[in-house]
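Trainee: generate coordinates for the sequence data below:
(2 chains)
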Amino acid sequence: MATPANQRAVLFSQAVYRRLQLAYPRAHREAYGEPMEQLFRDQCRDAWQTARTWGLAKLWLRTLPDVISTSLLERFTRNNPGKNMNENLAHASRPGNAASLTLFFGVFAVVFLLIAIAGTAITFILPESYASTARIKVEQDPSVAVRSEGGSPYDPYFMQTQFEIMQSEAVLTNVINALNLNIEWGKKFFDGEPLKTAETMEILKNRLSLRDVRGTKLVSITVYSDDKNEAAKLANAEAQCYADYRQNAAAEPLIKRLAQLQRQYKEQVDEIDRARATASAHLDQLQAEHRLLYTQIEDNKLELQIPSAKLVMLIDTAEPGRRPVRPNKPLDIAITLAAGVIGGAVAGALAVLGLSFFSRRNA
Amino acid sequence: MVNSTPNPESHLPLTPAVFHVLLALADGERHGYAIMQEVAASTDGRIKMGPGTLYGTLKRLLESRLIEESDTRPDPALDDERRRYYKLTGLGEQVVRAEARRYEAIVARARGKRLITKPA
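Mentor: Purely as a prediction, here's the structure:
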């Protein structure tokens, strides 16, 4: 949204440009004056939205040479509809044209005065702008640098790459966040309405100028602002955020490795916990069994200590024998005698029977 | 008197400003501010035409019959109806094609001398 300040600046620029159009031939002004002014107004609006006063100043630095060169060109080119452009333009450089020279100096004087007046007025109207420069020394990361024949790290595109990094979204976003620029510049430029990060970044880029010091590893980071303190803060924040970015980029492989190791460590801890839980369960079971066994042993011991009913009792104790029990001599003699009687009787009977048998046979 | 059979080659080589304006109009009709934005966008902001350069170029292109004003007028609710729209004529299209071919031949010669390489 246009504030009174930007309306004044844009309207003033348009008024100056309208006066500068007097440098063009009347016919050209009548035919194209209005659209040229309209285009310049559009450019003023864009320049103001992009970088406010500094944007307008840059627009004027482009527009003034444009007015001078094209107004002279329009005065010295031959308008010949239907002919090709090259023929028309060739007339402008034809020498020996006295009227053209007079016209040239006349236009030159008018344009010179207009530009001098406009330039002086703009110089006094434009707010002051401060530039603050932070200087940093940029080293290559030895782990990624290509080694030259001499063995020292060398990357021909190193500095160019670093310039791109310094202006990258990754670094500038950190600057914006560190200094809360979306809010601060919203308050400063847009009546308190916070800016989007992309808008703030565009403004910041336009205020940022990077330059390497030839033959050294030094880079100058210059930031322009209408506030000298803000310019210094921006330059220092840019330097710090770039340094942080490089440090983080260098540490990234280590951080990844560390994260991987930590992940492995946690997995091992989990595994140990699981093993410990399993072992604990097994131990509990063994201890339970052990306690049971112990109890049984103790019970048995106790049971053994309790007197129980006697299954065998000693009725008579043994005494030493008074005579040998074997051989039983009286019995043996009696049996022998009986055996003799029986044997004699059987033998006598058999002898009688045998004798009688043989007697009858022989008879 | 307009040449009945205009030769596109007679307009060549084009100045960078003329070529970029014709290229911007190759997509269709545009007004001055849109042409300027298209040229800036297509050159990554390296060419920012001022009003004098743009309308001087448009004037010469109109006189040479390479472009013409279009009857198109924007919807007043959406844009400034005073804006003038321009479009390529048949001759303008032939000229910008001829110039593009000329650049193509130059690029081919430069590649042949290994001054540039084919884009990946």
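Trainee: need the residues of chain B near chain A, please.
Mentor: Proximity of chain B to chain A is confined to B:1-3, B:10-11, B:14, B:18, B:32-33, B:36, B:48-56, B:58-61, B:63-66, B:80, B:82-84 under the rule C-beta under 8 Å from any C-beta of the partner chain. In this view, the C-beta of every residue, glycine as well, is placed from N, C-alpha and C.
Trainee: and those residues, which of them are in helices?
Mentor: If you go by DSSP state H, these have B:18, B:32-33, B:36, B:51-56, B:58-61, B:63 in helices.
Trainee: report all helices and strands that the longest helix seen in chain B contacts.
Mentor: The residue-count maximum for a helix in chain B (DSSP H) belongs to helix B:90-112. Using 3 or more C-beta pairs under 8 Å, 6 or more residues apart in numbering or on different chains; DSSP states H and E, the elements in contact with helix B:90-112 are helix B:16-26.
Trainee: closest to the centroid, which residue in chain B?
Mentor: Nearest to the geometric centre of chain B sits B:L22, at 1.2 Å (C-alpha atoms, centre = their mean).
Trainee: could you list the low-confidence segments of chain A?
Mentor: Applying pLDDT under 70 to chain A picks out residues A:1-6, A:78-106, A:143-154, A:308, A:363.
Trainee: tell me the average confidence for stretch B:27-44?
Mentor: Regarding stretch B:27-44, the rounded mean pLDDT is 92.
Trainee: show residues contacting that stretch.
Mentor: The set of residues external to stretch B:27-44 that reach it, using C-beta atoms under 8 Å, 6 or more residues apart in numbering or on different chains, is A:35-36, A:38-39, A:42-43, B:20-21, B:23-25, B:47-49, B:51, B:54-55, B:58, B:70, B:72, B:74, B:83-87.
Trainee: in it, which residues are buried?
Mentor: B:E29, B:R30, B:H31, B:G32, B:Y33, B:A34, B:I35, B:M36, B:Q37, B:E38, B:V39, B:A40 (16 or more other C-beta atoms under 10 Å in any protein chain shown).
Trainee: state the distance from the first one to chain A.
Mentor: As defined by C-beta to the nearest C-beta, to the nearest Å, B:E29 lies at a distance of 15 Å from chain A.
Trainee: just the residues contacting the longest helix of chain B, thanks.
Mentor: With C-beta under 8 Å, 6+ apart as the test, helix B:90-112 has contacts from B:6, B:8-9, B:11-14, B:19, B:22-23, B:25-26, B:61, B:65-67, B:88, B:116-118.
Trainee: repeat that with 10 Å
Mentor: A:84-85, B:3, B:6-14, B:18-19, B:21-23, B:25-26, B:61-62, B:64-68, B:86-89, B:115-118 (C-beta atoms under 10 Å, 6 or more residues apart in numbering or on different chains).
Trainee: could I get that helix in CSV with only the CA atoms?
Mentor: The C-alpha coordinates for helix B:90-112 follow below in CSV (Å, rounded to 0.1, in the frame of the first residue of the first chain):
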residue,chain,number,x,y,z
GLY,B,90,3.8,-11.0,-41.0
LEU,B,91,7.0,-9.2,-42.0
GLY,B,92,8.0,-8.8,-38.4
GLU,B,93,7.6,-12.5,-37.8
GLN,B,94,9.8,-13.3,-40.9
VAL,B,95,12.5,-10.8,-39.6
VAL,B,96,12.6,-12.2,-36.1
ARG,B,97,12.8,-15.8,-37.5
ALA,B,98,15.6,-14.7,-39.9
GLU,B,99,17.5,-13.1,-37.0
ALA,B,100,17.0,-16.2,-34.8
ARG,B,101,18.4,-18.4,-37.7
ARG,B,102,21.3,-16.0,-38.0
TYR,B,103,22.1,-16.3,-34.3
GLU,B,104,21.7,-20.1,-34.6
ALA,B,105,24.3,-20.2,-37.4
ILE,B,106,26.6,-18.0,-35.2
VAL,B,107,26.2,-20.3,-32.3
ALA,B,108,26.9,-23.4,-34.5
ARG,B,109,30.1,-21.8,-35.7
ALA,B,110,31.2,-21.0,-32.1
ARG,B,111,30.5,-24.6,-31.2
GLY,B,112,32.6,-25.7,-34.1
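Trainee: what angle do that helix and helix B:16-26 make?
Mentor: Helix B:90-112 and helix B:16-26 are oriented at 120 degrees to each other (axes from the mean of the first three to the mean of the last three C-alpha atoms, to 10 degrees).
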